[in-house]
Structure formats: structure tokens, C-alpha cells
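Novice: Need the 3D shape of this:
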Amino acid sequence: MWTALADRTPKDRTGRIDTKTEIASHCKVSPYINYSWDYAKFEEPFLFCFVYTIANSIKGGLLMKRIITKVMLSATLVLLFVSALAGCAKHPTEAEKTVTDQESERIQPEQGVKAIDMIPGTPLSTEELTRFNDVFAAQADMSYFLSVNGFFTSRYDDVTELDFVEFLRYYPDDGTLEEEDISEFEALTKDPNFYWNAGDFGKETLTVNDLPTPTHRILRTSVDETLQKYADITTADLKNTEGVCYLSEYDAYYNFTSDFGPGLFECVGGKKDGNIVRLWSNADSDGSRELLTLQEKDGNYYIKSFQDIADGE
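Specialist: Have a look, this model is predicted:
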């Protein structure tokens, strides 16, 4: 639109659009009257001054003045309304300010307050803590580990997002593959998550006895039983099971762990808030604690999350 207008508008000697001459030709007034405009900045203040001056120079200017006056009055009312809205946005009511301040206090506790003190609920008794430790404290010696250990090998806000590779790393197996399990081991070597290849050992074909670690077989049904018992879920509910060897024809997972490092957790405190129980461990040297969140359902308590929290001091 602006290009089309410029093509039809006279230009002065410098090539710039002679806007005064063009408008004057339409309004039938002298192009040499000083209208106090700046055609490089075509703004509203200039527009009002210019049109008002034209109105004074045209026959019947009184009617034009009345029209312009009404336009200017309407514009003034609009500006006042916008200013009022801006004032409201910049100056919240006392009630709004109070709510905002309260939210700020909840989100940012005072310095020096422990994170465990901010946890809602009623503190658990020593007897209650003991009962929870009997169920969830994954105590183990160097000769065995428990299936619940896997829940404490990673951190997660939702139990369905636990690290499944770490969960199975020290999981109690359902037996190790032996030399006679030729077909099962051969199928396992074709799994994309299998660690080794025959070339690493200078051989054309691998056998289970070639590996430097045991090959643990873990039945999916066994894993589902553990997940159901402690978290009220199954492997079908897990968000990510990638990175684990699995053979559908044997319905089993496999790992090759030879060391011992199960996840351990022992609570020293806790609170109950409705059907939610939160248990925490002793603080580490850096002030962080482990926080285990459980949810009660039909008389049982199920794991919902396992997180690290700062002690706040």
C-alpha cells in the first residue's frame, strides 16, 4: 500500500516524496503554508495539527472543526482508559500482594531450615520406623542380596522411570547359563545389548565359558513379582527397558555382573501425611539425604519415588 502511494506522489528535486504538494493538491490549499510537520516521522500529533490547519483553510471549516473535536475527545478517552488499565497492572491490591508474599514464603524457606522439617505430616514413632526398615531396608551381606535392592540403585521421581539396567545389575538371578545351554547362549549373543563378540577372544564362535563373568538369567515373571510386591507395577509399566538383554523365547533378562554393589537404604526418620509416607536416611557428608516416598493402598505400602534431598543447612 505504501509503495503504491509513493508511486503516485510528486517528488522534489532530491527525489524525496513531496508530501505537502500532494496533500495540498487534494485539499486545494497552498503547499507553502507552514504546517509544522515532519514527513519522515508521520505521527499522530502531527496528523491532528495538520488536519486542523486544513480545516481552518477550507470553506465550511466549522463543521470540520466539530468533527475533529469529537475525534480528539474520543482519542483522549481511549488514552485515559488505557492508562487506568496500566495503573491497575502496576499496583496490585493489598489482597493480591498478601497472596503473592505467602506463595514466596512457601517456595523459599528461610535459610538454615532443614529439608526434612519442610516435609508435611506427622512424625513416625520408633516402632513404625523399625517396621518400615524390616520391609524396605535392603540390608545385605557379601554373600547375597535382596530383590528390593534394585529400587535403590537409581534416583527417580516416579517409580516407573527407574533405571532398569541398574535395577537388574545385582538382581537375584534364576540361575546362570552353563555349557549345556548352547541354544540359549547362542540366541543371547545376537541380542543388540550383548557385550562381547567372538573376535574379542580370537575365536569364530563364543561359548558361555569364554566370558570373563557369569551369565545371569533373570526370569521376567520373577521381576514382575518384585515390582508388584514393592511398587504395585509390572515391567509393562516401566517407561524405559532399553539397554537390557532380553530373549522373548525364554522370557528372561540377562546380565553379566561379577562384582557386588546392591543399592542400600535405611531410614532414620519419617512422616505420614494421609496415605503418603516419606522416609529419609542419615545425611551424607555433603548434607544430602535419600528420601523414599511410599503410598498406602489396601493396607500395603508401595514405592512411588526415591530421591536425593539437600539437608538445607
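Novice: Am I right that T221 falls within a strand?
Specialist: No: counting by DSSP: H, G, I helix; E, B strand; the rest coil, T221 falls outside a strand, being helix.
Novice: Quickly note the distance from it to K114.
Specialist: 43 Å (C-beta to C-beta, to the nearest Å). The way it works is simple: take the backbone N, C-alpha and C, and place the C-beta from them, glycine included.
Novice: what's the answer for G287, then?
Specialist: 9 Å.
Novice: okay, those two: which has more neighbours?
Specialist: K114 (17 against 13; other C-beta atoms under 10 Å).
Novice: ok, how many other residues are close to N193?
Specialist: A count of nearby residues for N193, using other C-beta under 10 Å, gives 14.
Novice: That one belongs to a helix?
Specialist: No: using three-state DSSP, the assignment for N193 is coil, not a helix.
Novice: Excluding chain neighbours, what is closest to it?
Specialist: C245 (4.7 Å; C-beta to C-beta, 6 or more residues apart in numbering).
Novice: wait, doesn't the one you found sit right on Y253?
Specialist: Yes: with contact defined as C-beta atoms under 8 Å, C245 reaches Y253; the gap is 6.5 Å.
Novice: Which residue of these two possesses the greater neighbour count?
Specialist: Y253 (26 against 21).
Novice: nearest spatial neighbour of D163, skipping sequence neighbours?
Specialist: For D163, the spatially nearest residue (C-beta to C-beta, 6+ apart) is S154, at 3.5 Å.
Novice: Kindly apply the preceding question to F167 instead.
Specialist: G150 (3.9 Å).
Novice: again, but for L292
Specialist: L279 (4.6 Å).
Novice: For the one you found, what is the enclosing helix or strand?
Specialist: strand 276-280 (DSSP states H and E).
Novice: And the next helix or strand past that strand?
Specialist: Assigned by DSSP H and E, the successor of strand 276-280 is strand 288-297.
Novice: Bridged to Y156, which residues?
Specialist: F306 (DSSP bridges).
Novice: I'd say it and D163 touch.
Specialist: Yes: using C-beta under 8 Å, Y156 is in contact with D163, at 7.5 Å.
Novice: need the contact list for the residue nearest to D163.
Specialist: Contacts for S154 (C-beta atoms under 8 Å, 6 or more residues apart in numbering) come out as L162, D163, E166, F167, G263, F306.
Novice: how deep is the fifth one tucked in, by neighbour count?
Specialist: Okay, so that is G263. G263 has 21 neighbouring residues, counting by other C-beta under 10 Å.
Novice: any idea how far G287 is from the nearest residue to it once chain neighbours are set aside?
Specialist: Leaving aside its sequence neighbours, G263 sits nearest to F152 (C-beta to C-beta, 6+ apart; 2.9 Å). Taking C-beta to C-beta as the measure, F152 falls 19 Å from G287.
Novice: pLDDT wise, what is the closest residue to C267 other than its chain neighbours at?
Specialist: Closest residue to C267 apart from its sequence neighbours, by C-beta to C-beta, 6+ apart: L279 at 3.7 Å. Looking at L279, its pLDDT is 96.
Novice: wait, what's in contact with L279?
Specialist: L124, L129, F132, F136, C267, G269, G270, L291, L292, T293, L294.
Novice: Could you pull up the contacting residues of the fifth one?
Specialist: If a contact means C-beta under 8 Å, 6+ apart, then C267 has L129, F132, N133, F136, A137, L279, W280, S281, L292 as its contacts.
Novice: what's the neighbour count on the second one?
Specialist: Burial of F132 is recorded as 18 neighbouring residues (other C-beta under 10 Å).
Novice: before we move on, the earlier item: sec struct for the residue nearest to D163, please.
Specialist: coil.
Novice: Tell me the bridge partners for T293.
Specialist: R278, S305.
Novice: Strands of this structure, start to end?
Specialist: For the chain, the strands defined by DSSP state E occupy 122-123, 216-219, 245-247, 252-255, 269-273, 276-280, 288-297, 300-310.
Novice: Wait, L124 touches V277, no?
Specialist: Yes: assessed by C-beta under 8 Å, L124 is found in contact with V277 at 7.4 Å.
Novice: Look up the residues that both of the two are in contact with.
Specialist: With C-beta under 8 Å, 6+ apart, L124 and V277 have common neighbours F132, G270, K271.
Novice: out of these, which one sits closest to T235?
Specialist: Closest approach to T235 among these (C-beta to C-beta): F132, at 25.3 Å.
Novice: Touching, the closest one and V277? I think so.
Specialist: Yes: at 7.4 Å, F132 counts as touching V277 under the criterion of C-beta under 8 Å.
Novice: Find residues that contact each of those two.
Specialist: In contact with both F132 and V277: L124, G270, L294, Y301, using C-beta under 8 Å, 6+ apart.
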